[in-house]
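[1] kindly return the folded structure for what I paste below:
(chains A and B)
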Amino acid sequence: MSRGPLLGELAVLDDVGPPRRGRAYPAAGVGWSLLAPAVLLLGGLLAWPVLRTVHASVTTDGRWVGAEHYRAALAAPGTAAVIGRTLLWALLVPTVVTVLGYLLAAASRRSQEGWLVRLILVVPTALPLVVTGVTFRLLYDPDPERGLATLLLARVTGRDPEQLPQLLGPDLVTVAVMSAFVWAWVGLAMLVFRAALDAVPTGLADAVRAFGGSRRDVLWDAQWRPLLLRTVAVVFALVAVGTSRTFDLILVMTPGSVRDEAAVLSLRIWQTSGATTSGEGAALGVVWLVAVTAGMLVVALFVRQAWPPPQQPAGGAVTAPPPRRVVRLLAGGAAIAWLLPLGVLAATSLQNPVRAATDGWWSGPPGLDSYRAVLSGAELWRSLGFTLVLAVVVTAAVLGVALLAAYPLAWLTGPAAQITGLVLMAAVVVPVQVIAGPLNEVLGLALSSGTARGVALVHIALGVPFAVLVLRNAFADLPADQVRGARIGGRHWWGTLRRLARHNRTALVAVAVLEFVQVWNDLVVGLLFSGPDAAPLGLFLAGQTRGFVAGSGTLAAGCVLASILPVLVFVLARRQVVAGLVAGGVR
Amino acid sequence: MSGIGVRRRTLLGAATAATVAATGGCGQGRRSVQVAVVWAGGELARFREVVAGYPTTVQVVGVGNDIDAFLTARRAAGTSPDVAILPRPGLVIEYARRGWLSEVTPVVSYTAPTGMSDLLSVGGRRYGVWVKAAHKSLFWHFPSMLAEPPRSWDALVTLTRRLGERHLAGAGPAPLAIGAADGWVLTDWFENVLADVAGVNLYGALARGEADWRSPPVQYALERLAELWSVDGAFPGGGPRALLTQFEESIIQVVHHREATMVFEADFVDAVVARFRRGTEPLATFRFPGARVADQPLIVGGDAAVAFAGSDGGAELVRWLSDAVAFLPWLDAGGYLSPNLAVPVASYRDPLRRRLAGELRAADTVQFDLSDQLPGTFTGTDGVGIWRIMQDFFMNVTDGVPAREAVRRATGQLTEAARAAAERGR
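    So this is what the prediction gives:
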């Protein structure tokens, strides 16, 4: 899928819990017409394509064929392995990310250099996955003259390069792609855990200690039971859904000969159908859609039970003891390990194009030749300009549509609120590869298939559910007096909405930043829906990976240039992003 | 230089006449013609120069590698371009069968080599003309590293064994570089051997999906590849490393690191050589060797221009592109080969192209790239179709699987893929 939920699940899942809204809103004063844009977008560009996919999976040219496509798709060689690998991704990777994220959050929490560690870990989160893929492919290059990992492996094992296990070879390629994914996502898990740990009342830990509790008791009674359980569930679900984005990584990191050994469902569907509708592709898509949605629902129900009322941020002086030395070393080590791939990317981009392709990035003096080569072409500039405009337009549109929709939705109470929550959540996790064919048909009707307009429309439709969820929660959590003030102060509904939106500035900033970074970093929407006049950055970079080694210098330079803006935006706004998305708290 | 100038003028004269004939009777001030192409960067710029000579404005759009998806989506939306340059004749046939294309007539002088011209016709109607060609039967090497090129397949195997042994002993470069990470490199190998052992009829029948992939000549071709690829020390870094080596990198291994002696691929190798060669020694080429010294297979690839049904200016632009003059900017740039035999051999700038253009005329039969003719996903892309099957085969034979077993698996996969493609096409 092109975009999944980010930090918001804290807010999102919270919402399925005991209804807390409604108290603020005495009566619905605004017509359902505010919902119209969102309903139109989601209905036309998500719901209809999903139905059409289901339809295509059981018909051939409109003729009912029952489960034939399912049988064919499941019997196709390799499908079992692909499904197994997808499951492995959805279980193993979230576990690793969750554990690492917790450890690093705990380790970096109270030490003085913690902010630096956190900053380093957050940078990969904001990178486009295409750039992450390029970085790790450079790192894992099978030639010890170019690939640092291969060189280190050769030094450590003392073996001939020919005898070494190949990191991008058929046996290890999935592990290699997973490592890149973990690298990119741990920072996010760490941010969420940190917010959770900060929300644990310190008094609780003191109380456990006062009763003679050991370190383990503190962890269990003062952290796990009151708060961490649900955070773990949330982070796990978040990353599990996020693993469907491995698509970008696989496309960029794997040479053609090992692509099948790394393939997951998203890739298989794309290989079977591309941007058209085919029976087998649709069948696989439906299987995947059902699995993802079911997983999401299970997590939602589970979290609902485990979810206590929101905690007030602890605030005040933190008096807990600083972490142990081992833990601090862990944090330092992680920072260095996380910095290394970034260093490889930067160093490669500083070699001239020929040297980057033929020798290691450590072999020659740095220079700007690769940057000159990539900047002198018109294509990168065009992509940068187009992507900037696209990201700004899409962000503005998503904010507008979501604000309008979130306002009336925040008034809902009880089952209605829960059902809209679940529907929106399901919409968030729909993988775009599954509905690409029907989506293209719909865009064709609007005469915007293969145009910039089409790409923008798809981005907006995919971005709206998440934005509505977050903003709805933010509205619903506003204190009653602020709402009352806004209702009295605003002369019309839009006046009220504007006043309320002002109180929700953090949530708005969070949604805007995430949407912007999301669109900027996108590959798959560009791949499936762009045309000649729409040349998004992700597609431009991914296109250059075809002759990977020969173009590695200019490719690395392009990657660095493409990463500056999302990293800057995300790092500068990370506090607002987390604060805006973690529900509860008084704003 | 003056000689070329004269030839250019002659060509231009012919072109003007042709253009007048082509556009005669059509009103001026028509809307511009839109052309979708797969090219990007320098290649795209070159094509813009080509169509700059066309009387009406031509809007060229580079749509990236997956032109099939683009055109299918555009078709669904009812916004097909007027003309597309397709990289595979298989696509031309598919589109023509679906009724998407309009018939085209090239200019009188247009002549494509036998074996290429029929590939763009369905039911006796022609739906496309060739605009660019690639010669895909060349080995490249430094003369200083290989003085006597092998002249037959057996000589190539013997040479590979000898150099392989030397390489394993650490006394020299590996005999062959191969970009096995790109499936098309392996299919090009296979097609050359197949064209050599299978004969025109079987080759064509396989391309049309009418022949059995388990037939003895196919097996024999695969056995020959296994014989060569399984030589110990044949590739720098061994088989698994070769499977992670892409096309450009395999050339870098020869021309920069000199880790390998020879590399097989098409005439466009020289563009990569120009970027990465170390030293000043020019690279030499020899033809892909056949079973006998006299038999040399010749595989060509190419791009075809088609016009979409319902466009006003499309068929005319395609006709114009079939004229030798349309190729002039490509001739000027160098490094391109025309499939049009009406382009005089002497008008090529570089000696290599002049020789290759001569070979294109001299060959009894020119076989067109087989994988490009295959239908549906069988045609291959990363991890899919015949690309994947050949990579599996390469992996098997370099991993010590006996040739007979590897061939059995490959022919089984090929048969299955052909069956699936035929079923889907129905």
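[2] C-alpha only now, for contacts and for neighbours.
    Noted.
[3] out of everything not next to it in sequence, what's closest to the residue in the stretch 51-200 of chain A that chain B sits nearest to?
    Residue of the stretch 51-200 of chain A nearest chain B, by CA to the nearest CA: A:Glu162 (5.4 Å). Once flanking residues are discounted, A:Glu162 sits nearest to B:Gly237: 5.4 Å by CA to CA, 6 or more residues apart in numbering or on different chains.
[4] that neighbour contacts A:Asp160, doesn't it?
    No: using CA atoms under 8 Å, B:Gly237 makes no contact with A:Asp160, being 9.7 Å away.
[5] in terms of neighbours, single out the busier of these two.
    Higher neighbour count among B:Gly237 and A:Asp160: B:Gly237, with 19 against 12, using other CA atoms under 10 Å in any protein chain shown.
[6] the more buried one and A:Leu523, how far apart?
    Separation of B:Gly237 from A:Leu523 (CA to CA, to the nearest Å) stands at 33 Å.
[7] same question, A:Ala149
    Distance of A:Ala149 to A:Leu523, computed by CA to CA: 26 Å.
[8] before we move on, what about A:Gly44?
    Taking CA to CA, one finds A:Gly44 at 22 Å from A:Leu523.
[9] more neighbours, those two?
    More crowded of A:Gly44 and A:Leu523, by other CA under 10 Å: A:Leu523, with 28 against 16.
[10] ok so, going back, what's the burial count for the residue of the stretch 51-200 of chain A closest to chain B?
    When neighbours are defined as other CA under 10 Å, A:Glu162 has 16 of them.
[11] so it sits against B:Phe235, correct?
    No: under the criterion of CA under 8 Å, A:Glu162 is not in contact with B:Phe235, lying 11.0 Å apart.
[12] show me the shaky parts of the chain.
    You didn't pick a chain, so chain A it is. A:1-31, A:110, A:225-226, A:274-275, A:302-323, A:447-450, A:490-491, A:532, A:581-587 (pLDDT under 70).
[13] chain B was what I was after
    Chain B contains residues with pLDDT under 70 at B:1-31, B:64-65, B:77, B:425-426.
[14] domain ranges for it?
    If you go by automatic domain parsing, the domain ranges for chain B are B:2-134+B:300-368, B:138-297+B:374-425.
[15] pretty sure B:Leu176 is in a strand, no?
    Yes: counting by DSSP: H, G, I helix; E, B strand; the rest coil, B:Leu176 is part of a strand.
[16] show me which residues of the stretch 51-200 of chain A sit near chain B.
    For the stretch 51-200 of chain A, the residues in contact with chain B (CA under 8 Å from any CA of the partner chain) are A:142, A:161-162, A:168-169.
[17] ranking these by neighbours, who comes first?
    Counting by other CA under 10 Å, top hit in these: A:Pro142 with 28 neighbours.
[18] please look at that one and A:Gln166 and confirm they touch.
    Yes: between A:Pro142 and A:Gln166 there is a contact under CA under 8 Å: 6.2 Å.
[19] from A:Leu409, how far off is the residue lying closest to A:Ala38 once chain neighbours are set aside?
    Leaving aside its sequence neighbours, A:Ala38 sits nearest to A:Val401 (CA to CA, 6+ apart; 5.9 Å). Using CA to CA, we find A:Val401 at a distance of 13 Å from A:Leu409.
[20] am I right that B:Leu243 is in contact with B:Ala177?
    No: using CA under 8 Å, B:Leu243 makes no contact with B:Ala177, being 10.9 Å away.
[21] ok, how many other residues are close to residue 269?
    In the absence of a named chain, chain A is used. Each residue near A:Ile269 was counted by other CA under 10 Å, and the total is 24.
[22] please go with chain B instead
    By other CA under 10 Å, 19 other residues sit near B:Val269.
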